[in-house]
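Novice: I'd like to go over a predicted model; first the sequence, then the structure.
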Amino acid sequence: MSSVAELDHVRELLECVAIDRVISVDDRHSPDLAVVLNTARELSSAKRSELLGLSEDDEALAEHDVFEQRLEPLWDQYGAAERTALVQRAQEIAGDSLVADDTEALSRLGQLMSSPEVFEELSKADWRARRDEIVESGESVLVLFDRDFRGEGGQERDGETLLAELQKTSRDKPIWTGLLTHTVTPEAEHEEYLKLGDTVDLHQTVMISKARVAAGEFAAHLRLTLLTPLLQRLLTIVSEKTAVTHKEAMAETRAILPVELESMVFGASRVEGVWEPDTLLLLVGLIQRDRARAKIWEDDEVHRLTDQIRCLGRVDAGPPVADEQAEAESEASEPGTAPRFYQRRQIYEDAVAVNKLHLPIENGDVFEDVARSSKRWIAIAQPCDLVVRSNGLRGGYPSTHVAVAPIEREPRSAPPPSDFRLPYFDDQGRHYVAKLGQVRYQRLWLLDLAVFNSVGRALLCLNDDAPTHMLEGWAARHAQVRGLAETLINLCETNTAGLEHALGLETPPDASELRTTASAVRDAIAADHSQPPFTTTIRPEAAELDAGCQRVKRLSTEYAQALLARWGGHLSRPVLPYDLTRRPDV
């Protein structure tokens, strides 16, 4: 970013939140004679001569007392700017490899501020003397602390202490804070920032590497610095309004007459085939949403904060910091950023809860092959065709099979139109696609087995009791599925050879008994073609029927509807006249 552009962006950002002044607290701003003497203690006579501006090496300056006697009269003659420059030069001559970059960063920081009246440079001692006056001034102030104050006789992490003290004394004041330091590289910035949590409130500050200033990347991080307390304040207000309206929503819900509550919650749930408490949560959420929205809208501070955050967002100060973190994490095996985590929660439901509650099979359920965990498939079906009625059946003309599409990593090149994108699919936030052009068909009753298992495993053991607290209709469904499984297990127990041929989906031998057994088992577990997605295993000795898959994920309602719409479009894609110009490949 050019210097002129960054200068404009910094000015716009400061104007968005009406910052009156910016203060840099850094040991480089200290014009203290003791800092120079302490820094020069290990210097040779030649370097001490250089520091005093002598053209030749005065060997007498090798004695520290002599050097101090020569320096003191010069110090008395210097003004504040000359003293600060001498401190910085002493540190540069001392060989601190970071001092030159540090000095350049601070110089550029001063240039980025709109006017001398806005930007102030204070040492740690100056800051401590003026802190209370600045906090109580009522002005909007941005304070950027250095982290390392050893140049002023302090410690390497004194800046964290100063920042924490300011946070405690400036609550509800228009004070913004940041840690601007040379001790952290841009690459380690976020990791080191997270470590500050034991000392400072991470929701009120950020850490910025001084290398960002020299590299022209300061504006994007300044925007985050200014956003941080605004976002936290907005979240606090919304949380408070939500807490109040939660009580009001519960009171309104309790006032609904039992006959109406039963109709809305249990009647609707029975028809839709969903868990009744989920419907109750939906009802409470509807009531609370409207009440909370009204209270939030009436709050003037919410509108002010929203306007300021929007203003900061409109400034083209470079890529958002969250995007930079996400790009770095896409190269690693980390769980991913918070935005990715919550985006996944928006797209995918919690499979642990779905399975624990024994919720029905739905369009958008993802199944994993237990024999090959890398192989995953997603079920695609009209929701009405999947609903189990109170009698345990799926309508008058029940579906016997369900389409399942394989799931693969999203290719780097443009995917074919038949692919349905599954963003942020895995724990690393990587994108996958459902290959709608490669669907297979699975016996639906075999997938139903996943409903009866608390971890979604499509496995039924005749020795186990039926799960408790299932949805209405699924208790009857369990009895029906169990009866079918028992018939198959008993059949296969008496004819192992027939079982082997049936499960292998091979042509059975001529013996009529084997052919009959194979046909019965095939009809019960096989798909309509020779390659079902999962391998079903029947273990008569353990009284188990294993459908070879496990439910591991579920699309949210909105994405599941989009998947079904894409599937419908895929099935109804037009067939155009063939191309007369095409020739066989040579």
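Specialist: In hand now; what should we look at?
Novice: going forward, measure contacts and count neighbours with C-alpha atoms only.
Specialist: OK.
Novice: state the distance from residue 412 to residue 423.
Specialist: Residue 412 sits 14 Å away from residue 423 when distances are taken as C-alpha to C-alpha, to the nearest Å.
Novice: so which of those two has more stuff around it?
Specialist: Taking other C-alpha atoms under 10 Å, residue 412 and residue 423 do not tie; residue 423 has more neighbours (17 against 6).
Novice: now that one: phi and psi?
Specialist: phi -70, psi 150 (degrees, to the nearest 10).
Novice: show me what contacts it?
Specialist: Residues in contact with residue 423 (C-alpha atoms under 8 Å, 6 or more residues apart in numbering) are 344, 429-433.
Novice: which among those end up buried?
Specialist: Among the contacts of residue 423, those buried by neighbour count (16 or more other C-alpha atoms under 10 Å) are 344, 429, 432-433.
Novice: which of those fall in helices?
Specialist: residue 344 (DSSP state H).
Novice: could you list the domains of the chain?
Specialist: 3-227, 231-335, 349-571 (automatic domain parsing).
Novice: output these in JSON lines, with mean pLDDT appended to each entry.
Specialist: Formatted as JSON lines, the domains of the chain follow (pLDDT from 0 to 100):
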{"stretch": "domain 3-227", "mean pLDDT": "84"}
{"stretch": "domain 231-335", "mean pLDDT": "82"}
{"stretch": "domain 349-571", "mean pLDDT": "83"}
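Novice: need these in CSV (columns: distance to residue 581).
Specialist: Converted to CSV, those look like this (distance: least, C-alpha to C-alpha, whole Å):
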stretch, distance to residue 581
domain 3-227, 54
domain 231-335, 44
domain 349-571, 23
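Novice: tell me which of those domains sits nearest to residue 582.
Specialist: Among these, domain 349-571 comes nearest to residue 582, with 20.6 Å by C-alpha to C-alpha.
Novice: just give me how far the closest one sits from the chain centre.
Specialist: Distance of domain 349-571 from its chain centroid, counting by C-alpha atoms, centre = their mean, to the nearest Å, is 31 Å.
Novice: distance to residue 555 for the buried ones among the contacts of residue 423 - can I get that in JSON lines?
Specialist: Below are these laid out as JSON lines (distance: C-alpha to C-alpha, whole Å):
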{"residue": "344", "distance to residue 555": "10"}
{"residue": "429", "distance to residue 555": "15"}
{"residue": "432", "distance to residue 555": "13"}
{"residue": "433", "distance to residue 555": "13"}
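Novice: give me the subset of the buried ones among the contacts of residue 423 that lies in strands.
Specialist: Using DSSP state E, the members of these that fall within strands are 432-433.
Novice: so which of the buried ones among the contacts of residue 423 is the closest to residue 145?
Specialist: residue 429 (34.5 Å).
Novice: does that closest one touch residue 342 like I think?
Specialist: No. With contacts counted by C-alpha atoms under 8 Å, residue 429 stays clear of residue 342, the gap being 10.5 Å.
Novice: list the buried residues of the longest helix that the chain contains.
Specialist: The longest helix of the chain (DSSP H) is helix 218-254. Under the neighbour-count criterion of 16+ other C-alpha under 10 Å, helix 218-254 has 218-231, 233-234, 238, 241-242, 245-246, 248-249, 253 buried.
Novice: and stretch 253-262, by the same measure?
Specialist: Of the residues in stretch 253-262, 253, 261 count as buried by neighbour count, 16+ other C-alpha under 10 Å.
Novice: again, but for stretch 437-449
Specialist: Neighbour-count burial for stretch 437-449 [16+ other C-alpha under 10 Å]: 437, 439-449.
Novice: which ones among the residues you listed map onto strands?
Specialist: Using DSSP E, the subset of the buried residues of stretch 437-449 located in strands is 440-443.
Novice: list just the nearest of those to residue 360.
Specialist: So of those, ranked by how close each gets to residue 360 (C-alpha to C-alpha), first place is residue 443, at 15.2 Å.
Novice: what residues are up against the residue located most distally from the centre of the chain?
Specialist: Within the chain, the residue lying farthest from the chain centre (C-alpha atoms, centre = their mean) is residue 60, at 63.0 Å. For residue 60, the contact set (C-alpha under 8 Å, 6+ apart) comprises 45, 66.
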